[in-house]
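Asks: coordinates only, no sequence provided:
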Ligand code: PMP
């Protein structure tokens with residue numbers, strides 16, 4: 001703290017990201033990265049930019065990427081927004097799309113960046129408890145609100161809300177924006193992008209950090225009605241007109257174009273997840289049903305903090321949230337079969 005800080009900065013409570021250890025020997029299963037590399041076509045496209053493009057500014061609108069996303073989802077480029085990681089896309093949505101006279105609603109167990117953005121942009125919020133099974137019950141959101149946001153699958157639980165329930169939520173909330181944060185949807189969910197043509201208040205965000213294995217590139221996107229996208233563009237152009245560099249635009253567009261690599265690597269993660277779930281149940285864990293590239297599990301007898309510490313000593317790093325109701329759970333990213341084997345051996 002310094003006397004030069006404004007009162008606003010003094011009161012800010014920033015988000016604390018998961019640990020990024022330097023030791024390459026660790027089996028790193030704590031921040032939901034993809035264990036497989038990105039598309040070789042994406043690497044080639046990025047290499048070409050590196051060789052021949054960096055002298056020039058990028059396209060401020062990232063049109064090449066917008067077209068690739070629009071083509072993939074069967075929407076128009078005017079329905080697509082692209083940004084520097086979905087965290088930045090979410091930040092713009094918080095800044096420009098939620099009403100300030102009523103509280104924003106989100107689940108009490110969900111992505112811990114949401115309350116941080118509420119603090120940053122002065123948005124009042126109320127959290128809504130998950131039900132007994134750690135699921136979102138859309139009926140609990142039938143109350144006055146300035147917007148609704150939730151991850152689907154939820155994080156850190158991994159649980160999926162079916163599209164039908166999202167549609168119920170949209171029908172009951174036509175006056176405020178419903179934002180579905182689909183960071184993990186490609187590992188077993190169905191995208192709500194299928195609903196954007198019917199619901200002008202629906203915004204869906206996604207990231208290339210997980211299913212497309214480009215966490216280091218920082219690319220995220222939103223799909224919704226062109227009027228919602230226009231609001232995000234206004235905010236973006238008032239903040240940073242070139243959020244995506246040339247390497248990011250080229251790599252992300254090529255990653256969307258390479259469907260075969262995407263489908264194959266997602267399927268490998270899904271198959272491994274099912275194997276890890278079965279093995280962990282055999283070791284005495286209760287595992288919540290996951291549609292993500294991670295699982296959320298608690299042991300029937302052993303303490304979560306003690307398990308995390310023991311795993312760490314054995315070179316396996318997982319995420320433990322010291323948050324009420326979930327302090328006995330561990331969030332574990334699905335790795336390669338070798339990494340998963342190391343996890344299970346360390347747990348056994
Ligand atoms: N939403 C959720 C639910 C997440 O878990 C994450 C990853 N921490 C993000 C958004 C942000 O992902 P990125 O900024 O890498 O696109």
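Replies: Nice, I can see it. Just so we're clear, the structure is a prediction, and the values are computed from it rather than from any experiment.
Asks: how about the helices in this structure?
Replies: Assigned by DSSP state H, the chain shows helices spanning 7-11, 40-52, 63-73, 85-97, 113-121, 163-172, 226-237, 246-257, 259-282, 304-313, 337-347.
Asks: can you redo these as a markdown table, where the extra columns are distance to the ligand?
Replies: In this view, the C-beta of every residue, glycine as well, is placed from N, C-alpha and C. Below are the helices of the chain laid out as a markdown table (distance: least, Cβ to the nearest ligand atom, whole Å):
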| stretch | distance to the ligand |
| --- | --- |
| helix 7-11 | 22 |
| helix 40-52 | 16 |
| helix 63-73 | 14 |
| helix 85-97 | 3 |
| helix 113-121 | 7 |
| helix 163-172 | 15 |
| helix 226-237 | 15 |
| helix 246-257 | 11 |
| helix 259-282 | 15 |
| helix 304-313 | 19 |
| helix 337-347 | 19 |
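Asks: in TSV: these, plus mean pLDDT and mean neighbour count.
Replies: Output for the helices of the chain, formatted as TSV (pLDDT from 0 to 100; neighbours: other Cβ atoms under 10 Å):
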stretch	mean pLDDT	mean neighbour count
helix 7-11	91	9
helix 40-52	96	16
helix 63-73	98	19
helix 85-97	98	23
helix 113-121	97	19
helix 163-172	98	16
helix 226-237	98	17
helix 246-257	98	24
helix 259-282	98	16
helix 304-313	97	15
helix 337-347	98	17
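Asks: tabulate those helices (CSV), appending distance to residue 326.
Replies: Shown next, in CSV, are the helices of the chain (distance: least, Cβ to Cβ, whole Å):
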stretch, distance to residue 326
helix 7-11, 27
helix 40-52, 35
helix 63-73, 33
helix 85-97, 22
helix 113-121, 16
helix 163-172, 22
helix 226-237, 31
helix 246-257, 32
helix 259-282, 17
helix 304-313, 9
helix 337-347, 19
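Asks: residue 100 and residue 124 touch, don't they?
Replies: Yes - assessed by Cβ atoms under 8 Å, residue 100 is found in contact with residue 124 at 7.4 Å.
Asks: so what sits against both of those two?
Replies: Common contacts of residue 100 and residue 124, defined by Cβ atoms under 8 Å, 6 or more residues apart in numbering, comprise residue 146.
Asks: ok, back up a step: closest to residue 217 out of the helices of the chain?
Replies: Evaluated over the helices of the chain, closeness to residue 217 peaks at helix 246-257, with 5.2 Å, by Cβ to Cβ.
Asks: which elements pack onto that closest one?
Replies: Applying 3 or more Cβ pairs under 8 Å, 6 or more residues apart in numbering; DSSP states H and E, one finds that helix 246-257 contacts helix 40-52, helix 63-73.
Asks: how about these in TSV, adding distance to residue 229?
Replies: As requested, the helices and strands packed on helix 246-257 are exported to TSV (distance: least, Cβ to Cβ, whole Å):
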stretch	distance to residue 229
helix 40-52	24
helix 63-73	9
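Asks: how about the residues of the stretch 51-200 of the chain that lie near the ligand?
Replies: Applying Cβ under 6 Å from any ligand atom, one finds that the stretch 51-200 of the chain approaches the ligand through 85-87, 111, 151, 155, 181, 183.
Asks: which of those sits closest to residue 161?
Replies: Distance to residue 161, by Cβ to Cβ, is smallest for residue 151 among these, at 9.5 Å.
Asks: bridged to the closest residue to that closest one other than its chain neighbours, which residues?
Replies: Setting aside the residues directly before and after it, residue 151 is nearest to residue 181 in space (Cβ to Cβ, 6 or more residues apart in numbering), at 4.2 Å. Beta bridges link residue 181 to residue 151, residue 205, judged by DSSP bridges.
Asks: contact partners for residue 181?
Replies: Residues near residue 181 by Cβ under 8 Å, 6+ apart: 86, 90, 111, 149-152, 205.
Asks: rerun that using 7 Å as the cut-off
Replies: Applying Cβ atoms under 7 Å, 6 or more residues apart in numbering to residue 181 gives the contacts 90, 111, 149-152, 205.
Asks: cool, and residue 218?
Replies: 84-85, 248.
Asks: rerun at 10 Å
Replies: 83-88, 207-209, 243-245, 248, 252 (Cβ atoms under 10 Å, 6 or more residues apart in numbering).
Asks: repeat for residue 199
Replies: Here residue 199 is in contact with 166-167, 169-171, 173-174, 177-178, 192, 224-225 (Cβ under 10 Å, 6+ apart).
Asks: how far away is it from the ligand?
Replies: Distance of residue 199 to the ligand, computed by Cβ to the nearest ligand atom, to the nearest Å: 21 Å.
Asks: likewise for residue 14?
Replies: 14 Å.
Asks: could you do residue 287 as well?
Replies: Applying Cβ to the nearest ligand atom, the value for residue 287 to the ligand is 19 Å.
Asks: count of residues packed around that residue?
Replies: Residues contacting residue 287 under the criterion other Cβ atoms under 10 Å number 19.
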